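Trainee: Predicted structure and sequence below. I'll ask about it afterward.
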Amino acid sequence: MQAKFPGKALPYLFLLPTIVICGLFIYYPAAQTFRTSTYQSLFFGARQRFVGLQNFGRLFLSPEYLRAMAVTIWFAFLVVVIGLCLSFALATLLNRKLQAARALRISLIWPYALSPAVAGTIWLFLFNPHSGLVNRLIDIVAGIKPDWFSNGKLALTMLIVTAIWNNLGYNLVFFLAGLQNIPESFMEAAKVDGASFWEELWYIVIPLMSPTTFFLLVININYAFFDTVGMVDVMTRGGPANATNLLIYQLYKDGFQNFNSGLAAAQSLILFLFVVALTLVQFRTTGRMVHYGG
């Protein structure tokens, strides 16, 4: 016999704590952000004037903002693609029976425990043009010492390397867990059929790892767009000549340095909607290639 609730209000009563928390910490701040985006801050935020959607128009007509959008897309693409490929390759190696496998796993996973700002500080010293370890190694191999802070392309490369290193441990944890959950019987059957290592990887491992890969793809895109503001602030402050000025850092500058809360709120909405649209496209395209069956 099917159990029935004693009253129609009981399910809503159970949902009430979730509704209250979401309302206070998600829906109300989102509504306030949209409201703020329709105002222009005057006198360093002391006064506000209603301007409707003018803030959005200013952003899309601003060469600086459009360049920041292009830099962010290129930065996110490289961080996600290189980061996932490198993490998967390292996880595949670490999943094999090695003598120092445990020590290697710990040494590669621990960078994720650092905040982006701390990771940026570490690599700021490593990329120092005069005394950094990176330039010493390049000097030994190629006989040159690049100035990573005055060249826009080099500064962006430095930022990409730091972001990949900082998030490498997170990707490794999930890839290793996924690889260790692949049944040994699948691999043994492939070996009996004479499959090579690359055939096992392409036809067995990669399809079975598709749910993990898809999850990490979404998480890494959000990391590249939202979690690197501290790293940029510590390492380059958006320079040189705005070559590393990501959207999230432009938002930070307008909101907390220029005290233009209306423009910053408009940027946050644009960034949020852009990432949501990108995620929906991923679910429509990449999500179709995900196989959850064993």
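Mentor: Alright, I've got the coordinates.

Trainee: What part of this protein, helix or strand, is modelled with the least confidence?
Mentor: helix 101-109 (a mean of 76; mean pLDDT, DSSP states H and E).

Trainee: quick one: contacts of that helix?
Mentor: Leu90, Leu94, Leu98, Leu168, Gly169, Leu172, Val173, Leu176 (Cβ atoms under 8 Å, 6 or more residues apart in numbering). For every residue, glycine as well, the C-beta is placed using N, CA and C.

Trainee: got it, and stretch 19-37?
Mentor: Contact with stretch 19-37 is made by Asn55, Phe56, Ser261, Gly262, Ala265, Ala266, Ser268, Leu269, as judged by Cβ under 8 Å, 6+ apart.

Trainee: The nearest residue to the third one once chain neighbours are set aside pairs with what?
Mentor: For Ser261, the nearest residue in space outside its immediate sequence neighbours is Ser41; the separation is 5.1 Å by Cβ to Cβ, 6 or more residues apart in numbering. Applying DSSP bridges to Ser41 yields these beta-bridge partners: Gln48.

Trainee: okay but Ser41 is in contact with Phe259, surely?
Mentor: Yes: assessed by Cβ atoms under 8 Å, Ser41 is found in contact with Phe259 at 6.1 Å.

Trainee: And the residue nearest the centre of the protein?
Mentor: Nearest to the centroid of the C-alpha atoms of the chain, with distances taken as Cα atoms, centre = their mean, sits Tyr223, at 1.7 Å.

Trainee: circling back: tell me how many other residues crowd the residue nearest to Ser261.
Mentor: Neighbour count of Ser41, defined by other Cβ atoms under 10 Å: 22.

Trainee: Quick one: neighbours of Val20, just the number.
Mentor: So Val20, with other Cβ under 10 Å, has 10 neighbours.

Trainee: scratch that, Ala264
Mentor: So Ala264, with other Cβ under 10 Å, has 24 neighbours.

Trainee: Now do the helix or strand hosting it: which elements does it pack against?
Mentor: For Ala264, the element it lies in under DSSP states H and E is helix 261-284. Contact here means 3 or more Cβ pairs under 8 Å, 6 or more residues apart in numbering; DSSP states H and E; on that basis helix 261-284 packs against helix 28-37, strand 39-42, helix 54-60, helix 210-226, helix 247-252.

Trainee: Pull out the buried positions in it.
Mentor: Ser261, Gly262, Leu263, Ala264, Ala265, Ala266, Gln267, Ser268, Leu269, Ile270, Leu271, Val275 (16 or more other Cβ atoms under 10 Å).

Trainee: just stretch 72-79 next, same as before
Mentor: By 16+ other Cβ under 10 Å, the buried positions in stretch 72-79 come out as Thr72, Ile73, Phe75, Ala76, Leu78, Val79.
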